[in-house]
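> whatever this is, show me its structure:
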Amino acid sequence: MFLKRRISREAVIPSSSLADIAFLLLIFFLVTTTIDVDTGISLVMPPWIEDVEQVKVKSENIANILVDEEGNCLLDDQIVSIPMLKDIMKEKIKANDKLIISLKTVRATPYRIYIDVLDELKQAYNELRDEYSLSKFGKPLSQVTEAEMKEIRKAIPQRISLAEPEKVD
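Below you'll find the predicted structure:
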């Protein structure tokens, strides 16, 4: 009797197409992945006017805010915390409808603090506009039409002047 010789085969994974598969997976993930893009601050600047007439503004119509690098706010020579700024400015805007807020920082002020102060000022205007919308139209600011929004913006214009940062030695 002849004994058959057993041939043992080893299990082998073909690796010739491994590079192709890896490349296809790489392309798939690059195409399907979304990348977050920082958009920055959305500020609408007024249009450029060639011949600008300089207008003198009365000192009682200006609220000066100076922010230092530690986040201390100086509002008309009085120290104010950033969270209190919104309520104080709402009262000042109610008392003086021609008020211009002049926001100035020192160069070492962190961007986060600057944005926090700017947000507080914008929230003050938004709350005043919301109150106006409720009293005039009987609905919150988020539900007004475009024409009503124009009227609200005309009644309560946002007057924030962003001054150039100062270099402090």
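> tell me where the model's unsure across the protein.
Residue ranges of the chain with pLDDT under 70: 1-5, 38-46, 165-169.
> remind me, longest helix of it?
helix 111-137 (DSSP state H).
> only alpha carbons, please: show the helix or strand just after that helix as PDB.
As assigned by DSSP states H and E, the chain's next helix or strand after helix 111-137 is helix 146-155. Output of helix 146-155 as PDB, limited to C-alpha atoms (Å, rounded to 0.1, in the frame of the first residue of the first chain):
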ATOM      1  CA  GLU A 146     -37.800  92.100   8.000                       C
ATOM      2  CA  ALA A 147     -39.700  95.400   7.800                       C
ATOM      3  CA  GLU A 148     -40.300  95.300  11.600                       C
ATOM      4  CA  MET A 149     -36.600  94.500  12.100                       C
ATOM      5  CA  LYS A 150     -35.700  97.600  10.100                       C
ATOM      6  CA  GLU A 151     -37.900  99.700  12.300                       C
ATOM      7  CA  ILE A 152     -36.500  98.300  15.500                       C
ATOM      8  CA  ARG A 153     -32.900  98.900  14.300                       C
ATOM      9  CA  LYS A 154     -33.900 102.500  13.400                       C
ATOM     10  CA  ALA A 155     -35.400 103.000  16.800                       C
END
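> list the contacts of helix 146-155.
Counting by Cβ atoms under 8 Å, 6 or more residues apart in numbering, helix 146-155 makes contact with Arg129, Tyr132, Ser133, Lys136, Phe137, Leu141, Val144, all of which sit outside it. Every C-beta, even on glycine, is put in place using the N, C-alpha and C of the backbone.
> give me the angle between that helix and helix 111-137.
110 degrees (axes from the mean of the first three to the mean of the last three Cα atoms, to 10 degrees).
> any buried residues in helix 146-155, and which?
By neighbour count with 16 or more other Cβ atoms under 10 Å, helix 146-155 contains the buried residues Ile152.
> okay then, goodbye and thanks.
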